[in-house]
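**Q** Sharing a model that was predicted from the sequence below.
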Amino acid sequence: MKTKTQTTLLASLVAALFAGQAMALEIYNDKGWSLDISGSVNAFYTTSKADNGERSSQIENGLLPGYFNITAATKQKGFDVKGVIGIWPGIDSDSPALQSATAGVGKSTVDARTNYLSFGNDKIGTFKFGRDIGLFQSNAILNDMTLIGVGGGAGLARNINTTLGGIGAGYIYAEFQPQITYTTPDYNGFHASLGVFDNKDVDSSGTTGSHPGYQGLAEYGFKSNAVAGKAWLGFVNQHFDKLARDNATGFELGAKADIGNIGLMAQGFTGKGIGDTILFAGGTDAAGDNRRSNGYLAQATYKIDDLKLGVSYGESRTKATSAEGSGYINRVAGTTLGAYYSLTPNLTLVGELNRRQDKVSDVDTDSVSVGAILFF
């Protein structure tokens, strides 16, 4: 099939762009069925210091936890049929009570992020049913150079088993969400996806309402002798009975291009009620009125043999409603200088300098991270 699921894109983009070619290990092939496994393992030493005096030094996961995907695939009656189940374990303790004790006392958490089936072909496109990464803002995180590193949020992995990368300082986390999604066939580089998504808890009350959410993504890929890349346009919409304005809606626009050894990427989002870090979180005031938010991320990389050097800058902000006054409820900028060295086709050594600037509280946090990530 010419269409790809977002999880396939995640594995291929991360491994191919940063650590050589992605490698799925086929462990079974009989009676028309194949069974493949693929995965990743990483760990980083991070140390950070904030203007307010807070310090942190840890051994932790980066923006990615580990993952282990099992894919069963076959072709039946002209349809490519596939099932994927993935577990995404971290290396940090899942018990906040044990954070002050030795890390070995606790146990690492396991996040079952992927669990879906898909079917389709080159003529009709692909249908996906289950849990996978969302459409809205997925290209932002998949093309973030810190996806195989740490980015912002060093020190958070002890609590959530990942750092933030550019999340909350350039883009919204796409999340792995229950969905039914259709992706068109490829038409000379163009394809589009449209999905119905499980409704989300907008105010942490535990009740989500009766309306599903909708996300869409259109992409156009291009390639010539000198330039290769793609451009995309996406949207998200969720109706909430509890909101004074009912609907939360957002849009995104982005593009990336590789010109010889130079890689460029820029993307941005805007919306009302969608928040700026976790989708819909912080998107409304106490009365249920939508806050407007926007953000952007710009990135440039340069490759010298097996070494890739990169710089990125992004910012996310949420404006106060009229009832809350003027200014911003949240405004965070992030800067990363990164070096990514492919020691082997599947093993990458990573070093990063990161700064997060909270422009509301006027607190800057600087961090240094070094580590390694393996894909198989």
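**A** Received, thanks. Numbering: from 1, shown residues only.
**Q** Next, count neighbours for residue 55.
**A** 10 (other Cβ atoms under 10 Å). Heads up, the C-betas are built off the backbone N, CA and C, glycines and all.
**Q** so where is the stretch 51-200 of the chain shaky, pLDDT-wise?
**A** Low-confidence segments of the stretch 51-200 of the chain, defined by pLDDT under 70, span residues 93-109, 156-159.
**Q** mind listing the strands for it?
**A** Under the criterion DSSP state E, counting those that start in this stretch, strands of the stretch 51-200 of the chain are mapped to 55-60, 67-76, 79-93, 108-121, 125-133, 176-183, 190-197.
**Q** quick one: strands adjacent to the first one?
**A** So the one you mean is strand 55-60. strand 33-50 (antiparallel) (DSSP bridges).
**Q** Give the buried residues for the partner strand.
**A** The neighbour-count check on strand 33-50 (16 or more other Cβ atoms under 10 Å) flags 34-36, 38-44, 46, 48, 50 as buried.
**Q** can you check stretch 62-78 too?
**A** Neighbour-count burial for stretch 62-78, with 16+ other Cβ under 10 Å as criterion, is recorded at 62-71, 73.
**Q** Can you add distance to residue 131 and give those back as CSV?
**A** Listed next are the buried residues of stretch 62-78 as CSV, based on distance: Cβ to Cβ, whole Å:
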residue, distance to residue 131
62, 22
63, 20
64, 17
65, 16
66, 18
67, 14
68, 15
69, 13
70, 14
71, 15
73, 18
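**Q** for those, which one is nearest residue 233?
**A** Of all these, residue 233 sits closest to residue 63, with 24.4 Å by Cβ to Cβ.
**Q** wouldn't that closest one be in contact with residue 154 here?
**A** No. Taking contacts as Cβ atoms under 8 Å, residue 63 lies outside contact range of residue 154: 10.4 Å.
**Q** and for those two, which residues touch both?
**A** Contact criterion Cβ atoms under 8 Å, 6 or more residues apart in numbering; residues shared by residue 63 and residue 154: residue 163.
**Q** any idea how far residue 50 lies from residue 268?
**A** Distance, residue 50 to residue 268, using Cβ to Cβ, to the nearest Å: 27 Å.
**Q** Skip the chain neighbours and tell me the closest residue to residue 115.
**A** Counting by Cβ to Cβ, 6 or more residues apart in numbering, residue 115 lies nearest to residue 131, which is 4.7 Å off, once chain neighbours are set aside.
**Q** cool, residue 81 as well?
**A** Nearest residue to residue 81, sequence neighbours excluded (Cβ to Cβ, 6+ apart): residue 119, at 4.8 Å.
**Q** now residue 155
**A** Going by Cβ to Cβ, 6+ apart, residue 155 has residue 56 as its nearest residue, at 3.5 Å.
**Q** Distance check, the one you found against residue 152.
**A** To residue 152, residue 56 is 13 Å away according to Cβ to Cβ.
**Q** Neighbour count: the two, which is higher?
**A** It is residue 152, of residue 56 and residue 152, that has more neighbours when counted by other Cβ under 10 Å, with 29 against 16.
**Q** quick revisit: between the strands of the stretch 51-200 of the chain, which one is nearest to residue 234?
**A** That would be strand 190-197 among these, by Cβ to Cβ, at 8.9 Å.
**Q** For the closest one, which helices and strands make contact with it?
**A** Under the contact criterion of 3 or more Cβ pairs under 8 Å, 6 or more residues apart in numbering; DSSP states H and E, strand 190-197 touches strand 176-183, strand 213-223.
**Q** Deepest-packed of those, please.
**A** The highest mean neighbour count among the helices and strands packed on strand 190-197, using mean count of other Cβ atoms under 10 Å, belongs to strand 176-183: a mean of 20.
**Q** Show residues contacting that strand.
**A** Applying Cβ under 8 Å, 6+ apart, the set of residues contacting strand 176-183 from outside is 3-5, 113-114, 120, 125-135, 191-198, 200, 215.
**Q** now the helix or strand that contains residue 356: mean pLDDT?
**A** Using DSSP states H and E, the element containing residue 356 is strand 347-358. In this model, strand 347-358 has an average pLDDT of 97.
**Q** Give me the angle between it and strand 33-50.
**A** If you take axes from the mean of the first three to the mean of the last three Cα atoms, to 10 degrees, strand 347-358 sits at 50 degrees to strand 33-50.
**Q** what comes into contact with stretch 49-59?
**A** The contact list for stretch 49-59 (Cβ under 8 Å, 6+ apart) reads 43-48, 91, 103, 154-155, 157-158, 362-367.
**Q** Identify the bridge partners of the closest residue to residue 273 other than its chain neighbours.
**A** In this structure, residue 273 finds its nearest non-sequential neighbour in residue 248, 3.0 Å apart by Cβ to Cβ, 6+ apart. With DSSP bridges as the criterion, residue 248 is bridged to residue 238.
**Q** I'd say residue 248 and residue 272 touch.
**A** Yes. Counting by Cβ under 8 Å, residue 272 is a contact partner of residue 248 at 6.6 Å.
**Q** can you list residues touching both of the two?
**A** Shared contacts of residue 248 and residue 272 (Cβ under 8 Å, 6+ apart): 283, 290.
**Q** Thanks a lot, see you next time.
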